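Participant: what's the 3D shape of this:
(one chain, ligands or ions: 2)
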Amino acid sequence: MRCFNHKDKEAVAECRFCGKNVCDQCAVQLGPGRGVACSTQCERVARAALRKHEIRQRLAAVAFIVVSLALTVVLALSMQRRGGPWLLFLFPFAVGAAMMTWFVFYSCWNFYMWTTRGAPFHPGDAVVVTEGPHKGIQGEVARLSARSSTTVVVALTVEGEPVVHHFGWEEIRRIKNPPPAPRA
Ligand SMILES: [Zn+2]
Ligand SMILES: [Zn+2]
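Facilitator: Ligands and ions are numbered 1, 2, ... in the order given. Predicted coordinates:
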């Protein structure tokens, strides 16, 4: 694979947003584990999308901790009122509360993705991109991502060029076939 700017240079990475192959000279690093961009234009879009994603993750983490702690306090208080050894159970309560909260959050997210986007996605599904620079472009799910169970690889045609791209469930929507029931 050659760099799209330098036909004589070997590409080292793929732009996170437009999918173009770039050499080490052209690649704009987005940070550890975040991949690269091919241009300052793509870098701007990539950073904005990453920021949005990280804010959502942080909000979810804060909500998770608050709900887990609240549940732990409720459990401990109810046991204290009944005269039980509530201090002894504080740790198991916290673990149980965290597991319950995680399960509820995960189920709600899955259900939300199913009703609003037709997730889960499988190879061959026709989808439309709903976020980012490819917004409005239709494509087909080529395969599931190895990185995450809620990310898929979609084949698109951008400016007449076929490209494949990673998308999170929250970035695409099914455009035909009735969605199957969600897996809990
Ligand atoms: Zn790019
Ligand atoms: Zn280059």
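
Participant: Domains in this structure, by residue range?
Facilitator: Per automatic domain parsing, the structural domains of the chain span 1-38, 47-116, 126-174.

Participant: quick check, the first one touching ligand 2?
Facilitator: Yes: counting by CB under 5 Å from the ion, ligand 2 has neighbours in domain 1-38: 3, 5-6, 23, 25-26. The way it works is simple: take the backbone N, C-alpha and C, and place the C-beta from them, glycine included.

Participant: and the residues you listed, which are buried?
Facilitator: When these are checked for burial by 16 or more other CB atoms under 10 Å, the buried set is 3, 23, 26.

Participant: how close does the second one get to residue 46?
Facilitator: The reference is to residue 23. Residue 23 is 18 Å from residue 46, where distance means CB to CB, to the nearest Å.

Participant: same check, this time on the last one
Facilitator: Relative to residue 46, residue 26 is positioned 14 Å away (CB to CB).

Participant: again, but for residue 78
Facilitator: Taken as CB to CB, the span from residue 78 to residue 46 is 48 Å.

Participant: ditto for residue 117
Facilitator: In this view, residue 117 and residue 46 are 22 Å apart by CB to CB.

Participant: So which of these two has more stuff around it?
Facilitator: Taking other CB atoms under 10 Å, residue 117 and residue 46 do not tie; residue 46 has more neighbours (23 against 19).

Participant: beta partners of the spatially most central residue of the chain?
Facilitator: Nearest residue to the geometric centre of the chain (CA atoms, centre = their mean): residue 168, 4.2 Å. Note on residue 168: beta-bridge partners by DSSP bridges are residue 151.

Participant: thought it was touching residue 151?
Facilitator: Yes: in terms of CB atoms under 8 Å, residue 168 counts as a neighbour of residue 151; the distance is 5.3 Å.

Participant: Those residues of this protein touching ligand 1, which are they?
Facilitator: By CB under 5 Å from the ion, the residues of the chain that approach ligand 1 are 15, 18, 38, 42.
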